[in-house]
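*Asks:* predicted model follows, preceded by the sequence.
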Number of protein chains: 2
Amino acid sequence: MSILSTRCVYALRAVMYTALATRTRPYASIREMANELGMPFHFLTKVLQDLTRHGILTSSRGAAGGVAFARAPTEISLLDIVEIVEGPELFTRCLLGLKGCGDRKPCPLHRAWAAERKRLKALFSKTRLSDITRGLMEHTLRLTD
Amino acid sequence: MSILSTRCVYALRAVMYTALATRTRPYASIREMANELGMPFHFLTKVLQDLTRHGILTSSRGAAGGVAFARAPTEISLLDIVEIVEGPELFTRCLLGLKGCGDRKPCPLHRAWAAERKRLKALFSKTRLSDITRGLMEHTLRLTD
DNA sequence: CCTAATAAAGACTAAATGGTCTGAATTGAT
DNA sequence: ATCAATTCAGACCATTTAGTCTTTATTAGG
C-alpha cells in the first residue's frame, strides 16, 4: 500500500479519529468509526484490541461502549502506534535487511538511510495527537478520501 | 521486512552485485549470485526477469550465460529499480493512502511526509551504481550479512 | 431483571507475497 | 552433432496479511 501496512494505517487513522471523538463523549464507537473511515469493522476491532492490550487505549463493552485513551493523548505519539503495529525496528533496521549493517562495514545505502530513518522516526515521534485534533476540528485536515 | 518488499531488496542487491560482476566478464551468473547473496535461486530469477522485461538488464541463456546491464550502469539509478518492483507511486502517494490528499485538504501527515518522501526519492535517484561498485571493490561496502 | 448494544475472542476464508519445482529453449565448448 | 550449463516459462505450494463470521461476555438504560 505505502511504506506502512494497512493495519498500521488503520491504527493511525483510528487513533486520530478517537482523539477527536472522545472530546465530546467518553468512548468512541468502533462501529461508527469503521463506517466513517471506511474500514472493515471486525478487522478494525482487532487492530484496536491490539492497541488496548498494549496500553494505548481502554475499552468499555456494552451499550455506549467503545474505546478511549488509556493515557493522555498529549502523551501518545504516532511512533508509539507504529511501533506496536509494525514492530519496534522499522526505523532501526538496515534498508536492505542486512544483519550487522552499521557505520563499520555498511551496506551501500547505510549512510543515506541512517540519516533518513532518523528523520522519519522523528516525524512520527514529534507528532502529537492533540495538534492533529485541532486541525480536524477546524476541518483543515481530514482522515478520509 | 523493512519499508521495501523482499522482492525489491533482492532486486537492489542483485543489480549491485551485477554491476560488480560484469566488470570482469560479460554476464553475471544468476546461480552464483543467488549463492553469494543467500537468495532463493528461482525466486531471484523471476525478479531479474522482471528487470530484463523492463529494459534494465539483458540476459544470455546457455553456458556462460547470465545477466548484464542493457544500459550503461551510470545511467541506471536505484529509483529505476524500486519503481519497477514496487510500482511508480511509493514516493508519491499519501502515507495514509487517502485518495485526494494534497496541499489543500491534506491528511494529518501530509506536510511532513511530502517533504520526507521527496528526500527518500532523492536518496534512490541520486545513488549511481558506479559509486557503489567502487565501494564494493574496495570492500568498504557489503551486500551480505 | 431484561434487553439492546457493544467489545472480546477465536475460527475461518481470501488475497497477496514469498518460494519451489519441472520442463523447454538456448548457448558455448568439446 | 552432442552435451552440459544456463535462462525462461509457468504451474504449483507455503506463509503472511487482510478480511469475515459467529459466539460469548459485558454494559447502560428502561
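*Replies:* Good, I have the coordinates.
*Asks:* mind jotting down where the helices sit in chain A?
*Replies:* Here chain A has its helices, by DSSP state H, at A:6-21, A:30-37, A:41-53, A:78-86, A:110-126, A:129-137.
*Asks:* lowest-pLDDT helix or strand in chain A?
*Replies:* Least confident helix or strand of chain A, by mean pLDDT, DSSP states H and E, is helix A:129-137 with a mean of 93.
*Asks:* who touches that helix?
*Replies:* Contacts to helix A:129-137, defined as CB atoms under 8 Å, 6 or more residues apart in numbering or on different chains, come from residues A:15-16, A:19-20, A:23, A:73-74, A:76-78, A:141-143, B:108. Where you see a C-beta, it was placed from the backbone N, CA and C, and this is true even at glycine.
*Asks:* picking that back up, is it possible to export the helices of chain A to a markdown table including mean neighbour count?
*Replies:* Converted to a markdown table, the helices of chain A look like this (neighbours: other CB atoms under 10 Å in any protein chain shown):
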| stretch | mean neighbour count |
| --- | --- |
| helix A:6-21 | 22 |
| helix A:30-37 | 16 |
| helix A:41-53 | 16 |
| helix A:78-86 | 20 |
| helix A:110-126 | 17 |
| helix A:129-137 | 17 |
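*Asks:* looking at those, which is closest to DNA strand C?
*Replies:* Closest of the helices of chain A to DNA strand C is helix A:30-37, at 3.4 Å (criterion: CB to the nearest atom of the strand).
*Asks:* next one: that closest one to chain centre, how far?
*Replies:* In terms of CA atoms, centre = their mean, to the nearest Å, the centre of helix A:30-37 is set 16 Å apart from its chain centre.
*Asks:* so is that helix next to chain B?
*Replies:* No - using CB under 8 Å from any CB of the partner chain, helix A:30-37 stays clear of chain B, with a minimum separation of 10.2 Å.
*Asks:* right, is that helix up against DNA strand D?
*Replies:* No - Helix A:30-37 does not reach DNA strand D (CB under 7 Å from any atom of the strand); its nearest approach is 9.0 Å.
*Asks:* could you say what helices and strands that helix packs with?
*Replies:* Helix A:30-37 sits against helix A:6-21, helix A:41-53, with contacts defined as 3 or more CB pairs under 8 Å, 6 or more residues apart in numbering or on different chains; DSSP states H and E.
*Asks:* how about those helices in TSV, adding distance to B:Glu36?
*Replies:* Formatted as TSV, those follow (distance: least, CB to CB, whole Å):
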stretch	distance to B:Glu36
helix A:6-21	34
helix A:41-53	39
